[in-house]
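Trainee: Below is the structure, and that's it, no one-letter string:
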Ligand SMILES: NC(=O)C1=CN([C@@H]2O[C@H](COP(=O)(O)OP(=O)(O)OC[C@H]3O[C@@H](n4cnc5c(N)ncnc54)[C@H](O)[C@@H]3O)[C@@H](O)[C@H]2O)C=CC1
Ligand SMILES: CC(C)CC(=O)C(=O)O
Ligand SMILES: [Mg+2]
């Protein structure tokens, strides 16, 4: 298969983790005789520095001309610490999602058996967790009208949703539930918010078309607690933009690190694949950023195009890296010198050497020892 992939590495750790995904996708292309081409463009703080625009037209045009987009992360402390900045890196990502109509952000959350001790949560609580979060991505409070009074003392952000915006992601969530454990939990704040009451009404109506799927409702404050108390009760979580953003970072604790959580942002025409984490500026250039979230986002890209065998091979390589402790420090208490690059190298090697049953990945050196 031929795939033109737009790569937007962005800021902070974005370029480091995205490089590993490119490496892995190139290995897949080689082994399965695909032709993947990669074209890179600026987004975020780096795009503001170079073009005075967090989403230059050339970047958007490239994304629209490609089959898929691989996104790193955006954000820089010089904007985070300046509430008066009018142009911000995050605007680039938000505009990209809106312009490409990426209305559904799918965030899988699972507990890896090999990493159960990495979570601060008890093993018996998290073991077996398998959740798919369907987060609405182009509406709600992140996109509503913003207002700051002239004296700068009063501010507001409007949370607005239309029936159509709710319906389209609800159908995706229910279709996904049919292939899983047939349960959808709508997370909202319908006891307080008018927009949440519209979600409950519309989702309830759509649910009528999916009689074999159970629909549950949870207020977001309770959902935040249930996620920690009993995450195994969830199958598909359906929720609006901001609640999904927050609840998925919380859910990442189950897996042991946010550096493991991938996502796919899809719409009717375009698809973008992005780790759920941000630019982790404290880690920039140190080689400690976990690239697995980005690499698993690349597997979601492959699955999007029906390349399931290829995606499976990457997942197998990821599982092996976790089992062998070839992981960055966020989940590795055994070796402290496994860098972002080394994790990528291992996964690349695993893909390129399918018959190496001795697991002799000779270019992985950990201090004095070589992983065999
Ligand atoms: N999709 C995106 O590009 C996002 C961008 N941001 C931006 O990122 C910047 C930093 O935001 P934060 O709130 O600190 O969120 P963050 O996700 O960048 O980092 C939060 C914490 O998560 C951990 N972490 C994140 N990525 C990791 C990785 N790959 N490997 C290991 N540990 C990892 C680190 O402990 C870090 O301190 C801000 O400018 C923010 O606006 C935040 C979230 C999403
Ligand atoms: C605009 C982003 C920084 C939002 C975010 O945190 C995310 O999509 O995970
Ligand atoms: Mg977030």
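Mentor: Now that the structure is in, tell me what you want to look at. Fair warning: this is a prediction, and the values are worked out from it, not measured in the lab. Ligands and ions are numbered 1, 2, ... in the order given.

Trainee: all contacts plus neighbour counts: C-alpha atoms, from now on.
Mentor: Fine.

Trainee: Flag every buried residue along the longest helix belonging to the chain.
Mentor: The longest helix of the chain (DSSP state H) is helix 14-32. Under the neighbour-count criterion of 16 or more other CA atoms under 10 Å, helix 14-32 has 14-29 buried.

Trainee: and that helix, what does it pack onto?
Mentor: Judged by 3 or more CA pairs under 8 Å, 6 or more residues apart in numbering; DSSP states H and E, the packing partners of helix 14-32 are strand 2-10, strand 35-40, strand 68-73, helix 292-304, helix 308-323, helix 340-352.

Trainee: Residue 257 against residue 331, yeah?
Mentor: Yes: at 6.8 Å, residue 257 counts as touching residue 331 under the criterion of CA atoms under 8 Å.

Trainee: and residue 128, how many neighbours does it have?
Mentor: Using other CA atoms under 10 Å, residue 128 has 15 neighbouring residues.

Trainee: how about it, what does it touch?
Mentor: 110, 111, 232 (CA atoms under 8 Å, 6 or more residues apart in numbering).

Trainee: Just give me the closest of those to residue 122.
Mentor: Proximity of the contacts of residue 128 to residue 122 (CA to CA) peaks at residue 111, which lies at 11.5 Å.

Trainee: Quick check, pLDDT for the nearest residue to residue 63 once chain neighbours are set aside.
Mentor: Distances taken as CA to CA, 6 or more residues apart in numbering put residue 6 closest to residue 63, at 5.7 Å, once the chain neighbours are dropped. Per-residue confidence (pLDDT) for residue 6: 98.

Trainee: overlap in contacts of residue 257 and residue 331?
Mentor: With contacts taken as CA under 8 Å, 6+ apart, residue 257 and residue 331 have residue 118 as neighbours in common.

Trainee: How much space separates the residue lying farthest from the centre of the chain from residue 66?
Mentor: In the chain, residue 151 marks the outermost C-alpha relative to the chain mean, sitting 38.4 Å out by CA atoms, centre = their mean. Note on residue 151: its distance to residue 66, by CA to CA, to the nearest Å, is 45 Å.

Trainee: Next: residue 255.
Mentor: Plainly put, residue 255 is 32 Å away from residue 66 if you go by CA to CA.

Trainee: more crowded one of those two?
Mentor: Higher neighbour count among residue 255 and residue 66: residue 255, with 28 against 18, using other CA under 10 Å.

Trainee: quick one, what contacts the more buried one?
Mentor: Going by CA under 8 Å, 6+ apart, residue 255 touches 109, 110, 111, 112, 115, 116, 118, 119.

Trainee: Please apply the same query to residue 108.
Mentor: 130, 131, 132, 133, 261, 262, 263.

Trainee: and what of residue 60?
Mentor: Residue 60 makes contact with residue 96 under the criterion CA under 8 Å, 6+ apart.

Trainee: Give the residue spans of the protein that score low on pLDDT.
Mentor: 357-372 (pLDDT under 70).

Trainee: Can you pull up the residues of it that come close to ligand 1?
Mentor: Residues of the chain lying near ligand 1 by CA under 6 Å from any ligand atom: 73-77, 80, 258-259, 276-280, 289-291, 330.

Trainee: Swap in 5 Å and give it another go.
Mentor: Contact residues (CA under 5 Å from any ligand atom) of the chain with ligand 1: 73, 74, 75, 76, 259, 277, 278, 279, 280, 289, 290.

Trainee: can you put those residues in JSON lines and add secondary structure and neighbour count?
Mentor: Compiled in JSON lines, these are given as follows (DSSP: H, G, I helix; E, B strand; the rest coil; neighbours: other CA atoms under 10 Å):
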{"residue": "73", "secondary structure": "strand", "neighbour count": "27"}
{"residue": "74", "secondary structure": "coil", "neighbour count": "30"}
{"residue": "75", "secondary structure": "coil", "neighbour count": "26"}
{"residue": "76", "secondary structure": "coil", "neighbour count": "20"}
{"residue": "259", "secondary structure": "helix", "neighbour count": "23"}
{"residue": "277", "secondary structure": "coil", "neighbour count": "23"}
{"residue": "278", "secondary structure": "coil", "neighbour count": "18"}
{"residue": "279", "secondary structure": "coil", "neighbour count": "21"}
{"residue": "280", "secondary structure": "coil", "neighbour count": "18"}
{"residue": "289", "secondary structure": "coil", "neighbour count": "27"}
{"residue": "290", "secondary structure": "coil", "neighbour count": "27"}
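
Trainee: ok, of those, which one's closest to residue 186?
Mentor: Closest to residue 186, out of all of the residues of the chain next to ligand 1 and judged by CA to CA, is residue 277, at 23.0 Å.

Trainee: who are the neighbours in contact with that closest one?
Mentor: 73, 249, 258, 259, 261.

Trainee: same thing with residue 40?
Mentor: Residues in contact with residue 40 (CA under 8 Å, 6+ apart) are 6, 7, 8, 9.

Trainee: which phi and psi does the nearest residue to residue 221 once chain neighbours are set aside have?
Mentor: Leaving aside its sequence neighbours, residue 221 sits nearest to residue 189 (CA to CA, 6+ apart; 8.0 Å). Backbone torsions of residue 189, given as degrees, to the nearest 10, read phi -140, psi 60.
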